[in-house]
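Asks: Fold the following.
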Amino acid sequence: MQFIPRQLVSTGSVDSRSKTEQVTKSPQRSRVPAALGLLAFCVCMVGLSEAAKAERICKSAIPMQALGGNAGFEFQGLRVQADGDLFADFQLPDGQRICSFRLKFRDNDPNFDVTATLERKNAADGVNPVSNPQVMGKVVSSGAKAKTRSKTDSTITNPQIDTDNFSYYVRVSLPAGNNIELINVCVTVLPTCP
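Replies: Numbers count the residues shown, from 1 in each chain. Predicted coordinates for the structure are as follows:
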């Protein structure tokens, strides 16, 4: 940059400025392409950071469907006195990856444990409709504790979500006579797992 003196035009009024001031002259390049490039970089970085954010999708245990056994009931936001198998379906974003599966519960029962599995059912055209679902993740409680806790499985089998060919759900299995209270089940979804 260079400084070029500029003469001030007198209007006859008293001016406290000097008759000559320094004016900054910038090179004859346009700043628009540089500004657009910076803007594009920022938008790209925001897009990448948004895409990299984990999405945790949770389902409360209260509305889970009971298929066989005792459905139990809701008590202070918990599913209590249920046994048999409970199911919750998951609508997951196609093309993403399931990175973890979590069950939140209170198991103060020294005699029984709760088992939860993340499963997918092959729904592609032409497959045997009674084929077994694929277990993608599994958690099991152990021991009795009076406080709520969670169990997480981060070793998901076949983590790529393919909603055209599979349906996804969680199965929670509770033995008869248990004293286990369920809170929710969650899956964490990312474009790529860490």
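Asks: ok now stretch 57-71, how far from the chain's centre?
Replies: Mean C-alpha position of stretch 57-71 versus that of the full chain (CA atoms, centre = their mean, to the nearest Å) differs by 21 Å.
Asks: Just the terminal-to-terminal distance for that stretch.
Replies: 23 Å (CA to CA, to the nearest Å).
Asks: Can you give me the neighbour number for the closest residue to C58 other than its chain neighbours?
Replies: Setting aside the residues directly before and after it, C58 is nearest to C186 in space (CB to CB, 6 or more residues apart in numbering), at 4.0 Å. All C-beta atoms are positioned from the backbone trio N, CA, C, and that covers glycine. Residue neighbour count, defined by other CB atoms under 10 Å, stands at 18 for C186.
Asks: Show me the residue sitting in the middle of the protein in space.
Replies: Against the mean C-alpha coordinate of the chain, by CA atoms, centre = their mean, the closest residue is E55 at 1.0 Å.
Asks: rewinding a little: summarise which helices and strands the helix or strand hosting the residue nearest to C58 is packed against.
Replies: When elements are assigned from DSSP states H and E, C186 belongs to strand 180-190. Using 3 or more CB pairs under 8 Å, 6 or more residues apart in numbering; DSSP states H and E as the contact criterion, the elements in contact with strand 180-190 are strand 55-60, strand 78-80, strand 83-90, strand 97-107, strand 166-174.
Asks: Out of those strands, flag the one nearest K145.
Replies: Nearest to K145, of all those, is strand 97-107, at 6.6 Å by CB to CB.
Asks: Going by neighbour count, which residues of the closest one are buried?
Replies: 97-107 (16 or more other CB atoms under 10 Å).
Asks: Stretch 171-179 too?
Replies: Buried residues in stretch 171-179, counted by 16+ other CB under 10 Å: 171-172, 174, 178.
Asks: which residues are contacting stretch 103-111?
Replies: 61, 78, 113-114, 116, 139, 141, 143-151, 172, 177-186 (CB atoms under 8 Å, 6 or more residues apart in numbering).
Asks: Give me the buried entries from the residues you listed.
Replies: Listed as buried from the contacts of stretch 103-111 are 61, 78, 113-114, 116, 139, 141, 151, 172, 178, 180-186; burial here means 16+ other CB under 10 Å.
Asks: State the number of residues packed around T157.
Replies: 13.
Asks: how much space between it and D125?
Replies: 23 Å (CB to CB, to the nearest Å).
Asks: ok, now A146?
Replies: 50 Å.
Asks: In the chain, where is pLDDT below threshold?
Replies: In the predicted model, the chain carries pLDDT under 70 at residues 1-52.
Asks: care to break it down by domain?
Replies: 2-7+18-51, 55-190 (automatic domain parsing).
Asks: Return the most buried member of these.
Replies: Ranked by mean neighbour count, the domains of the chain are led by domain 55-190 with a mean of 16 (mean count of other CB atoms under 10 Å).
Asks: measure it end to end?
Replies: End to end - CA to CA - domain 55-190 spans 7 Å.
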